[in-house]
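1. One predicted model, sequence on top.
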Amino acid sequence: MNLKFLSAAIIAASFSFNALAQTNLTENNKGVSNAHTFYLTPHYTQDKSGNKTQQSPNYFIRCTNSMVGGYNQMFEVTQEGAVSATSLRLVKGGSNHPYNPTFSTKWNNNGELELSTLSYMGSYKNAIVNFGKLTINNEVIVNGKLSCKDELNVTEVNTKNIRTQDITVDMNNAADYVFEDNYDLKSLSEVESYVKKNKHLPGVPSASEMAQNGMSVAEMSNLLLEKVEELTLHMIELQKENQALKAKMELLEK
């Protein structure tokens, strides 16, 4: 398509272009003729008296190709500014030279939207996306590596492996309740009986339950803290008993 013609046609439309512009272009590729048609429709028509009439059809610019499916439509811009195309590609410098990076978007054969940034000879090029806030209302699948240099706030993650330097988990009911006077601290003999019967600690899910349902990091961290604090109280009691026995032994030795 002649770009000079396209520019001239668009400029003409901006000056109350009153008729439908249609140009048929023919390109020969190894003996095959492809009919390309370019349509330019103004938003309204205006007669000599200045009366304006809403223009139909709805599209403002349409490019077609008789060799392309989908109603032979290649590219279309509606009066409202909506762009319709099978694929779009932006090339740096406006040339298809293999050294020039490109940004492409297209619908693949599975009905999925593909976005890609390519550099020299088809290798992927880095992309920077700047948003104030990005909201994704469905699933996000990352087949490569996901890196976060600042802060990542996530309500739920389902993945096989996470590697990070640090992670902060909200703990709204930390296990310091173990040190309250009314806490029901089971004796070591009670814990022994429970473990022999159930094969796991009291208050802790069994291995089969965790394998089936998973385990919250916050909940597991709090359970481990609870058991450490219970063990601390038992050790304090054992130390007191040892000190009392030591004192009795010292008296007997005298």
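-> Alright, I've got the coordinates.
2. all strands for the chain, in order.
-> 21-29, 32-40, 44-46, 52-54, 59-65, 73-78, 83-85, 87-91, 102-107, 113-118 (DSSP state E).
3. can you map out the helices along the protein?
-> With DSSP state H, the ranges of helices along the chain come out as 3-14, 188-198, 207-213, 217-253.
4. got those as TSV, with mean neighbour count columns?
-> C-beta here means a position set from N, CA and C on the backbone, and glycine is covered the same way. Shown next, in TSV, are the helices of the chain (neighbours: other C-beta atoms under 10 Å):
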stretch	mean neighbour count
helix 3-14	12
helix 188-198	11
helix 207-213	10
helix 217-253	12
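5. who wins for proximity to residue 147 among the ones you listed?
-> Residue 147 lies closest, by C-beta to C-beta, to one member of the helices of the chain: helix 217-253, at 20.7 Å.
6. avg pLDDT for that closest one?
-> For helix 217-253, mean pLDDT is 93.
7. Which other helices and strands does that helix contact?
-> Contacting helix 217-253 under the criterion 3 or more C-beta pairs under 8 Å, 6 or more residues apart in numbering; DSSP states H and E is no other helix or strand.
8. Make residue 1 into 206 and carry on from there
-> In the new count, where the first residue is 206, that last one comes out as helix 422-458.
9. Just want the angle from that helix to helix 393-403.
-> In terms of direction (axes from the mean of the first three to the mean of the last three C-alpha atoms, to 10 degrees), helix 422-458 departs from helix 393-403 by 130 degrees.
10. Next, count neighbours for residue 388.
-> 14 (other C-beta atoms under 10 Å).
11. I misspoke; the intended subject was residue 268.
-> By the measure other C-beta under 10 Å, the count of residues near residue 268 is 20.
12. One more: residue 361?
-> Using other C-beta under 10 Å, residue 361 has 4 neighbouring residues.
13. next one: residue 266
-> By other C-beta under 10 Å, the residues close to residue 266 number 19.
14. Quick check: which of the helices of the chain is nearest to residue 367?
-> helix 422-458 (10.0 Å).
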